[in-house]
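S.K.: This is a predicted model, with the sequence first.
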Amino acid sequence: MADIKFSTIMRDGMWNNNVVFAQMLALCPLLAVTSTATNGLGMGLASMAVMVSASIVVSMFRDFITKEVRLPVFVLLIATIVTLVDMFMNAWMHQLHKVLGLFIPLIVTNCAILGRVESFASHQPLSRAVADGFFMGLGFTFALVTVGATREILGSGTLFANAPLLLGDHFSFMELTLIPGYDGFLLMILPPGAFIALGFLLAGKRLIDARRSRDEEDTAPADVVPAEGH
Amino acid sequence: MIGGKRTITNPSYRRRTGYHGMLVGATALIASALLVLGNISTRDAIAMRHAEDIQRMLAEVIPKALHENDLLQDKFELDGRQIFQARLNDEVSAVSYQVAGPGYSGLITIIMAVDKNGTLLGVRVVSHSETPGLGDKVEEDRSDWVHEFEGMQLTKANEKQWAVKKDGGKIDQFTGATITPRAVVKAIKGGMEFFAQHKQRLLTYEPGPESGISEVKKNG
């Protein structure tokens, strides 16, 4: 297998094969935590850290892991990494852990991490695996923040509320009240709002992709990689 | 493909069940070892962070003017609860303890402080697993809601006020989350009843064997 270009890895992770918008994975944590953009950002960053670490470990040991037992081995490794991240953050990044603590155990249930490890890191060299973990994580963060921001703006009229709790007081400028005196639109904050927002965002992504491939039709064939089903 | 493609030979032992069993077993062993190591190296730090958290919470619910003792030192158990006593001039001025109740998803743990007259000094949510963005407004960091309880007393006459507005009480509920505030109110009310029941014991200072040796000498 020829080495995949880093630019392809980046484009796949951020857009073409985005965890949420193309692969439709990790919808459970996505729907659960995106009531605000800040929550989405926190969950995204924590997932990214786990994705990169899991990709590193699996890529390093890919020669020892056989096909038959790969899934239990991957699950064990990911669960261990998540638990370690949880413990270390609790011990040494206590403030951040208080904010993210709710989400970290949820990362174990994130099928996207298992999916990437299985379909990419387990047969790619370390550098590619790290890049993939990073960009897939970044793409996931992007998706979480987008859905979170949409719901937050429509649901409570603010953007990045409570961001200083996550990032420290330097980031208090991120807290915006976009619609002052807004009563809130409860549906968007509740779980159905997550489905509705995600639905519209997915449709939007399809629209953009369709337009792009129509534009490119004359010059080159579309390079959109079909989503790998899991 | 996995584990095979890059090596020229794919040795036959890899296809044996024994190898697979060993592989999963070895991974589990390494994973457990890592977790044990992680636990050992973080255990003390986490315990310390929790003690700091409790101290900070205590400092928030009990005004500094009400005590001159080390709150973490003067604690005792009563009915399975850990009681922290605040003392001023050898007299108990306030007590603090934790209460808990089932919220929307999991237990909500609350620390509360009551002064010697039975007035609620303050309330903080220590831990919970409520919905982020909805139920987590019980945290002091996120909303001023918990301050509503300050100064409240529990008497026969005002018992009805100890409920969210939806249930005819005087405490606000949140948009989209009634179960969480309801659970918090109920837990705090339970804490107030606990105070009324055990008032005598809560307000007497009995130095325990492990707390403040110098204090024991003074009293004995």
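M.R.: Noted; the coordinates are in hand.
S.K.: Can you give me every residue that contacts whatever residue of chain A ends up closest to chain B?
M.R.: Proximity of chain A to chain B (CB to the nearest CB) peaks at residue A:35, 3.0 Å away. Any C-beta I mention is one placed from the backbone N, CA and C, and that applies to glycine too. Each residue near residue A:35 by CB atoms under 8 Å, 6 or more residues apart in numbering or on different chains is listed here: A:148, A:151-152, A:155, A:189, A:193-194, B:131-134.
S.K.: what does chain A have sitting close to chain B?
M.R.: Residues of chain A lying close to chain B by CB under 8 Å from any CB of the partner chain are A:1, A:33, A:35-36, A:39, A:62-70, A:72-73, A:76-77, A:79-80, A:83-84, A:87-88, A:90-92, A:94, A:102-103, A:122-123, A:162, A:165, A:184, A:186, A:189-190.
S.K.: Which parts of chain A are strands?
M.R.: Remark: strands assigned in chain A by DSSP state E are A:158-159, A:176-177.
S.K.: Check those for me and report the most buried one.
M.R.: Mean neighbours per residue, mean count of other CB atoms under 10 Å in any protein chain shown, is largest over these for strand A:158-159, with a mean of 20.
S.K.: Now do that strand: which elements does it pack against?
M.R.: helix A:126-156, strand A:176-177 (3 or more CB pairs under 8 Å, 6 or more residues apart in numbering or on different chains; DSSP states H and E).
S.K.: still on that earlier bit, so can I have TSV of the strands of chain A showing mean pLDDT and distance to residue B:125?
M.R.: As requested, the strands of chain A are exported to TSV (pLDDT from 0 to 100; distance: least, CB to CB, whole Å):
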stretch	mean pLDDT	distance to residue B:125
strand A:158-159	86	22
strand A:176-177	82	25
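S.K.: Once you drop chain neighbours, what's closest to residue A:156?
M.R.: Spatial nearest neighbour of residue A:156, excluding adjacent residues (CB to CB, 6 or more residues apart in numbering or on different chains): residue A:184 at 4.9 Å.
S.K.: And stretch B:97-113, how far out from the chain middle?
M.R.: 7 Å (CA atoms, centre = their mean, to the nearest Å).
S.K.: And for stretch A:133-152?
M.R.: 5 Å.
S.K.: For chain B, just list every one of the helices.
M.R.: Here chain B has its helices, by DSSP state H, at B:17-61, B:179-202, B:213-219.
S.K.: which of the ones you listed sits most buried?
M.R.: Taking mean count of other CB under 10 Å, helix B:179-202 is the most buried of the helices of chain B, at a mean of 19.
S.K.: Nearest residue to the residue positioned nearest the centre of chain A in space, please, no chain neighbours.
M.R.: By CA atoms, centre = their mean, chain A has its centre lying nearest to residue A:140, at 1.9 Å. Leaving aside its chain neighbours, residue A:140 sits nearest to residue A:19 (4.4 Å; criterion: CB to CB, 6+ apart).
S.K.: so who does that neighbour touch?
M.R.: A:13, A:25-26, A:112, A:116, A:136, A:139-140, A:143.
S.K.: Give me the pLDDT for it.
M.R.: pLDDT recorded at residue A:19 is 88.
S.K.: for the one 3 residues further on, same thing?
M.R.: Reading off the per-residue confidence, residue A:22 sits at a pLDDT of 87.
S.K.: for it, phi and psi?
M.R.: phi -120, psi -50 (degrees, to the nearest 10).
S.K.: ok, back up a step: and the buried ones among the residues of chain A next to chain B, selectable in PyMOL?
M.R.: In PyMOL, a selection of the buried entries from those looks like this (16 or more other CB atoms under 10 Å in any protein chain shown):
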select buried, chain A and resi 33+35+36+39+62+65+66+69+70+73+76+77+79+80+83+84+87+88+90+91+94+102+103+122+123+162+165+189+190
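S.K.: Quick check: helices, which of the residues of chain A next to chain B are part of them?
M.R.: Those of the residues of chain A next to chain B lying in helices (DSSP H): A:33, A:39, A:70, A:72-73, A:76-77, A:79-80, A:83-84, A:87-88, A:90-92, A:94, A:165, A:186, A:189.
S.K.: what is the closest residue to residue B:148 other than its chain neighbours paired to in the beta sheet?
M.R.: Nearest residue to residue B:148, sequence neighbours excluded (CB to CB, 6+ apart): residue B:171, at 5.8 Å. Counting by DSSP bridges, residue B:171 is bridged to residue B:164.
S.K.: Spit out the contact partners of residue B:193.
M.R.: Residue B:193 neighbours (CB under 8 Å, 6+ apart): residue B:154.
S.K.: now swap in residue A:147 and tell me
M.R.: Contacts of residue A:147 by CB under 8 Å, 6+ apart are A:20, A:30, A:34, A:40, A:194, A:197-198, A:201.
S.K.: ok, so of those, who is nearest residue B:11?
M.R.: Closest approach between those and residue B:11, by CB to CB: residue A:20, at 40.1 Å.
S.K.: Please report the distance of the residue nearest to the centre of chain A from residue A:111.
M.R.: 12 Å (CB to CB, to the nearest Å).
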